[in-house]
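> Sequence plus predicted model, see below.
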Amino acid sequence: MLTNKLQPKILKWDSSKFLRSMKGWVDPEKDVFLIDCNFDLEFFDVSLFGKLSISYPHTIKRSVPKRQAEFLAGRYAALHALKLLGLDTQLHVGIGPNREPLWPTGIVGSISHNNNRAICIVGKRQHVSILGIDIEDTLSPCMADEIRGEIYNFNELDIFSDSMIPEPLATTIIFSAKESLFKALYPSVKTYFGFQCARLVHIDLINQVLTFKLATNFATKFKLKSKYQVYFQYDLNVAITVIMQQF
């Protein structure tokens, strides 16, 4: 799963029509856990928040059912990830002013979802300082063509030229990787930054790793490393990316 350091982890979970399946992985060296669950919007009901012991914040109560279901699945994945870290199962992952997850003290993590899948990665700050994860449905050719100018420049896309990955999928992977990088760095910089702040400079197709270089002024301002590696996994329908490293 994404990196060759992650090993399968056996899970016990509350199977239901809404929560179809759940898989887990662990990086034993860094004590990092990744949870991946499938859910079915058709069987979502707000009563599941109570049944699954997931906090139901006011901001989510005002959301449409689709957003509520995605939030529930993501927080449920987070709950199980925190359990694997040995934390109190009564802990809740809150919501920050910009909708970012608020993790317990000493914990770093990231959550993402699409229409039927939620993923979460967590770890202890003493072992890993930044984590980011993202899942994206593959963009249609029309949508990829429409937004690619906002995501990357053609030099970045050229790096995929020998990969045999179709351009819409390559666009999706780059988009997802930059989303993972944003999620990983946001807790430190506390500000939004655009896709132009990170530039793809290398792809390792064998190990499925993308290397990004931050804009010099951005990295200097926030005292960040200049380069970051993002792992990626994909099929024709979806792309998943994750970043997991120390500052």
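Yep, it's here.

> for the helix or strand hosting Ile111, packing partners?
Per DSSP states H and E: Ile111 is located in strand 107-113. Secondary-structure packing of strand 107-113 (3 or more C-beta pairs under 8 Å, 6 or more residues apart in numbering; DSSP states H and E): helix 65-84, strand 101-102, strand 117-124, strand 130-137, helix 167-189. C-beta coordinates here come from the backbone N, C-alpha and C atoms, glycine included.

> low-confidence ranges in the protein?
Within the chain, the set of residues satisfying pLDDT under 70 comprises 1, 3-4, 89, 247.

> Domain parsing of it, as residue ranges.
7-128, 138-245 (automatic domain parsing).

> separation between the residue nearest to the spatial centre of the chain and Thr241?
Centroid-nearest residue in the chain: Ile133, 1.9 Å away (criterion: C-alpha atoms, centre = their mean). Counting by C-beta to C-beta, to the nearest Å, the gap between Ile133 and Thr241 amounts to 7 Å.

> tell me, what's touching these two both at once?
Common neighbours of Ile133 and Thr241, counting by C-beta atoms under 8 Å, 6 or more residues apart in numbering, are Ser180.

> The helix or strand harbouring Val230 versus helix 167-189: what angle between them?
Following DSSP H and E, the helix or strand that holds Val230 is strand 227-234. Computed by axes from the mean of the first three to the mean of the last three C-alpha atoms, to 10 degrees, the angle separating strand 227-234 from helix 167-189 equals 140 degrees.

> For strand 227-234, list every residue counted as buried.
228-234 (16 or more other C-beta atoms under 10 Å).

> And stretch 233-247, by the same measure?
233-234, 238-244.

> What of stretch 133-150?
Buried, per 16+ other C-beta under 10 Å, within stretch 133-150: 133-136, 138-139, 144, 148.

> how long is it end to end?
20 Å (C-alpha to C-alpha, to the nearest Å).

> what residues does it touch?
Contacts for stretch 133-150 (C-beta under 8 Å, 6+ apart): 34, 110-115, 117, 119-121, 157, 167-169, 171-172, 175-177, 179-180, 183, 195, 234, 236-243.

> circling back: strand partners (parallel or antiparallel) of the strand holding Val230?
Strand pairing for strand 227-234, determined by DSSP bridges: strand 209-214 (antiparallel), strand 238-245 (antiparallel).

> and the longest one with strand 107-113, angle?
Counting by the same axes, to 10 degrees, strand 238-245 lies at 170 degrees to strand 107-113.

> Residues contacting strand 238-245, please?
By C-beta under 8 Å, 6+ apart, strand 238-245 touches 2-3, 27, 30, 32, 34, 110, 114, 117, 119, 121, 123, 128-138, 169, 172-173, 176-177, 179-181, 184, 210, 228-234.

> same deal with the first one?
Here strand 209-214 makes contact (C-beta under 8 Å, 6+ apart) with 173-174, 177-178, 181, 197-204, 224-232, 241.

> just checking, next helix/strand downstream of that strand?
Next along from strand 209-214, by DSSP H and E: helix 216-221.

> And that following helix, what's buried?
Result for helix 216-221 [16+ other C-beta under 10 Å]: buried residues 218-219.

> Stretch 5-14 now?
6, 13.

> May I have that stretch as CSV, with CA atoms only?
Presented in CSV, the C-alpha positions along stretch 5-14 are these (Å, rounded to 0.1, in the frame of the first residue of the first chain):
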residue,chain,number,x,y,z
LYS,A,5,7.4,0.2,4.4
LEU,A,6,3.7,-0.2,5.2
GLN,A,7,2.6,-3.7,6.3
PRO,A,8,-1.0,-5.1,6.5
LYS,A,9,-2.7,-4.8,9.9
ILE,A,10,-5.6,-7.0,11.0
LEU,A,11,-8.6,-4.9,12.2
LYS,A,12,-11.8,-5.3,14.2
TRP,A,13,-14.5,-3.0,13.1
ASP,A,14,-18.3,-2.4,13.0
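
> State the number of residues packed around the closest residue to Tyr228 other than its chain neighbours.
In space, and not counting its chain neighbours, Tyr228 is closest to Phe212: 5.3 Å by C-beta to C-beta, 6 or more residues apart in numbering. Counted with other C-beta atoms under 10 Å, the neighbours of Phe212 add up to 22.
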